[in-house]
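>>> curious how this folds, go ahead:
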Amino acid sequence: MRVLIVGGGSVGATFGYALHRAGVEVDYFVKRAHASECERGFRVFRIDRKGEQERFHARLVLTEWEDVAAAGPYDFVLVTVPADALRGEWFDQMVEAVEMARIVLLQRGVGDDAWAEERAPRARIDRGLVGFLAYEAPLDGEASVRLGTAFWTPPLGKSFFESAEPHALSPLVAALERGGLPAAQAKGLEVKGVAGELLCMTLVMALEPVGYRIDELAGRRRLVSRAIAATREAAEVLATLHDIAPPALVRGLTPTAFVFGLKAARVVTPFSLEAYLRAHFTKVRAQMERNREMLLAEGRRLSIPTPALEETHLFLGLRRPSVPVEAPSPPLA
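Numbers count the residues shown, from 1 in each chain. Below is the predicted model of the structure:
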């Protein structure tokens with residue numbers, strides 16, 4: 001089996017690590033500026049297994065789609081770039097270069113599934129949902145001598161994959177499992193993805209104003225309430241777009257439950273949860289802002305009131321430099 005991973009960041013490195021351990025031929029497509037670093041190899045370690053760190057090398061590190069076409073054929077293509085980097089001319093070039101490979105989109109934003117299917121009606125495009133936390137170690141303030149990509153899969157956590165064709169992704173899932181990364185095929189991934197997107201939105205809207213300090217958030221009930229109200233409005237828009245019911249978790253969320261959940265998660269996470277959230281959401285800020293802007297636009301189109309979401313979006317925008325809605329191209333490494 002041969003897999004192309006688009007993007008050499010922490011998510012792409014973790015998937016490549018597991019596939020390489022399973023004996024799969026793994027190639028990467030990255031920006032030219034990141035190629036030499038990727039060619040030196042990826043250092044990956046599980047932070048729940050002390051001392052287990054591996055350096056693996058991709059079969060090929062590619063920077064031009066013509067070279068991808070020549071290096072194939074591929075069985076699967078894992079697109080691991082952030083959602084704000086998905087929409088660009090490179091996507092059409094990728095679809096043409098990988099021919100009949102199954103293309104799995106792993107980090108999608110609002111409307112990206114439909115956009116991809118419209119752009120590539122003859123391609124075999126599937127969904128994936130990342131079930132682990134990964135970051136470039138060390139985190140800020142973390143006392144660690146190990147450098148590289150660290151990842152952790154929460155208890156009972158798995159990366160899920162869904163295809164319109166039954167068992168089409170079975171070889172990929174089986175390889176990830178052999179490589180030590182919990183994975184499974186699932187139905188209804190769209191609903192799970194919506195719930196995950198809403199949870200991330202709540203985290204950002206509540207924690208960014210307090211510098212991702214959970215204890216400080218506990219004393220800011222009004223801030224948490226506003227974030228939850230904005231998330232419920234976003235849930236109504238997403239539910240209408242996807243023709244599903246708003247997730248029950250969002251409907252029943254309260255400030256007390258939200259803060260309690262964060263404190264409980266901080267206890268079981270084997271690294272600084274606050275440092276991770278700060279690093280992760282700072283990195284994907286453009287993606288989160290783009291998603292909020294698209295939700296506001298869709299809310300206006302669908303005549304769904306979103307006053308709390310708009311207020312929170314404007315508030316966060318005043319605190320940070322504005323970011324472009326259009327994604328960069330080619331994808332980030």
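>>> so where's the stretch 101-250 of the chain uncertain?
Applying pLDDT under 70 to the stretch 101-250 of the chain picks out residues 144-145.
>>> for stretch 215-229, what is the distance to the chain centroid?
Distance of stretch 215-229 from its chain centroid, counting by Cα atoms, centre = their mean, to the nearest Å, is 25 Å.
>>> go on, stretch 27-41?
20 Å.
>>> what segments of the stretch 1-150 of the chain are strands?
Using DSSP state E, counting those that start in this stretch, the strands of the stretch 1-150 of the chain run over 2-6, 25-29, 42-46, 53-56, 60-62, 76-79, 102-105, 124-129, 133-137, 148-152.
>>> given the shortest one, what are its sheet partners and their directions?
In the sheet containing strand 60-62, the strands it pairs with under DSSP bridges are strand 25-29 (parallel).
>>> separation between the closest residue in space to Gly317 that isn't next to it in sequence and Glu208?
Once flanking residues are discounted, Gly317 sits nearest to Glu289: 7.2 Å by Cβ to Cβ, 6 or more residues apart in numbering. The C-beta positions use only the backbone N, C-alpha and C, and glycine is treated the same way. Per Cβ to Cβ, to the nearest Å, Glu289 is found 11 Å from Glu208.
>>> repeat that for Gly188.
Distance, Gly188 to Glu208, by Cβ to Cβ: 30 Å.
>>> check contacts around the residue in the chain sticking out farthest from the centre.
Distance from the C-alpha centroid of the chain, by Cα atoms, centre = their mean, peaks at Gly219 (29.7 Å). Contacts for Gly219 (Cβ atoms under 8 Å, 6 or more residues apart in numbering) come out as none.
>>> quick check: which of the strands of the stretch 1-150 of the chain is nearest to Ala245?
Closest approach to Ala245 among these (Cβ to Cβ): strand 124-129, 18.9 Å.
>>> helices and strands around that closest one, which ones?
strand 102-105, helix 112-119, strand 159-162, helix 189-207 (3 or more Cβ pairs under 8 Å, 6 or more residues apart in numbering; DSSP states H and E).
>>> now the residue nearest to Gly317: how far from Met201?
Distance, Glu289 to Met201, using Cβ to Cβ: 11 Å.
>>> the two: who's more crowded?
Between Glu289 and Met201, counted using other Cβ atoms under 10 Å, the more crowded position is Met201 (23 against 20).
>>> for Lys283, report the pLDDT, please.
pLDDT, Lys283: 89.
>>> just give me the neighbour total for it.
By the criterion of other Cβ under 10 Å, Lys283 has 15 neighbours.
>>> now do the contacts for it.
Pro82.
>>> any idea how far Asp84 is from it?
To Asp84, Lys283 is 11 Å away according to Cβ to Cβ.
>>> and what of Ala234?
According to Cβ to Cβ, Ala234 stands 17 Å off from Asp84.
>>> show me which of the two is the more surrounded one.
Ala234 (31 against 24).
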